[in-house]
Structure formats: C-alpha cells, structure tokens
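Peer 1: Would you be able to build a 3D model of this:
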Amino acid sequence: MPTGKGYFWPFRLLVAAIFGLAVLLIIISTINYFNTIHLRESEERLMEGLRSAINAPTTPDKLENGLVLKKDLSFVRGVYSVKPFSNRFNMPVDCIKFQSYRTNFEVIDEKRMNVKYDAKADVYFQCVYQSS
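Peer 2: Numbers count the residues shown, from 1 in each chain. Okay, the predicted model is just below:
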C-alpha cells in the first residue's frame with residue numbers, strides 16, 4: 001500500500017464527503033432558485049387578477065358580473081395584508097377585503113389573512129362599484 005500524502009483513507013473519505021456536500025448544496029440552491037421564480041410568477045398572476053377585476057367593475061345589483069378567476073396560485077405560509085395591493089393600485093385600504101372558505105386560509109379580519117401552510121389555491125377577484 002502506498003504511504004505517500006493523499007493516499008491515507010481518512011483523507012480520501014474527507015475529500016469525498018466535501019465533494020458530496022458541494023454537490024448537495026448546488027442541487028438545493030437550484031431547487032430554491034426555481035421555487036422562487038415560481039412564487040414570483042404566481043404573485044404577478046395574483047396582481048394581474050386584481051388589475052383585471054378593477055378594470056371591469058360591477059354593481060351590487062349585478063354581482064354575477066365582473067368575476068375574475070386565477071387558478072393554481074401558490075402561497076407560502078405566513079400572514080398576508082391588503083396593504084401591498086392598495087399601495088400597488090393606489091387604492092384606499094378600505095376598498096379591499098379578504099374572504100376565504102378553505103381551512104388553510106384563515107381570515108383574521110377582512111384586512112389580514114393567515115396562510116397556515118404552503119399551498120396552491122384558485123383565487124376569485126371582484127370589484128364592486130359602490131356609489132356614495
């Protein structure tokens with residue numbers, strides 16, 4: 001058996017372990033990168049749905065009109081607020097409210113919603129014009 005440097009078996013095992021960890025890190029980073037792209041795309045589709053609803057308002061007597069649907073939007077676990085929507089579309093916070101009929105999406109009040117775990121959902125938007 002050779003006795004030179006680099007041929008000692010614990011050293012070879014250490015090199016293999018470091019190489020394996022480097023490959024694992026690259027794989028995990030790639031998965032995270034594509035997941036981030038998917039979430040960003042889902043967020044854009046969410047904002048696009050709200051924009052479509054704002055551009056096609058309906059009146060309280062015709063609630064069946066003006067309903068916009070976006071399917072399979074991804075949500076990460078956490079609390080969502082209406083503020084980003086109102087800021088993006090320059091609307092008062094009082095004009096936007098959350099509603100949910102799924103157990104994963106818990107509406108805290110009409111202005112905040114708690115997503116209990118990462119999930120996909122179909123989202124319906126409707127802009128109802130209220131005359132004052």
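Peer 1: mind listing the strands for the chain?
Peer 2: Assigned by DSSP state E, the chain shows strands spanning 67-75, 78-81, 105-109, 112-115, 119-126.
Peer 1: can I get the CA coordinates of the last one in CSV?
Peer 2: Which is strand 119-126. C-alpha atoms of strand 119-126 as CSV (Å, rounded to 0.1, in the frame of the first residue of the first chain):
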residue,chain,number,x,y,z
ALA,A,119,-50.5,25.6,-0.7
LYS,A,120,-52.0,26.3,-4.1
ALA,A,121,-55.4,27.8,-4.5
ASP,A,122,-57.8,29.2,-7.0
VAL,A,123,-58.4,32.9,-6.4
TYR,A,124,-61.5,34.9,-7.3
PHE,A,125,-61.5,38.7,-7.7
GLN,A,126,-64.4,41.0,-7.9
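Peer 1: So for it, what gets flagged as buried?
Peer 2: Ala121, Val123, Phe125, Gln126 (16 or more other C-beta atoms under 10 Å). To be clear about C-beta, it is placed using only N, CA and C from the backbone, and glycine gets the same treatment.
Peer 1: re the thing from before, please identify the most buried of the strands of the chain.
Peer 2: By mean neighbour count, with neighbours taken as mean count of other C-beta atoms under 10 Å, strand 112-115 ranks first of these at a mean of 17.
Peer 1: What strands line up against that one, and which way round?
Peer 2: strand 78-81 (antiparallel), strand 105-109 (antiparallel) (DSSP bridges).
Peer 1: So which elements touch the longest helix anywhere in the chain?
Peer 2: Of all the segments of type helix in the chain, defined by DSSP state H, the longest one is helix 9-55. Contacts defined by 3 or more C-beta pairs under 8 Å, 6 or more residues apart in numbering; DSSP states H and E place helix 9-55 against strand 67-75, helix 83-88, strand 119-126.
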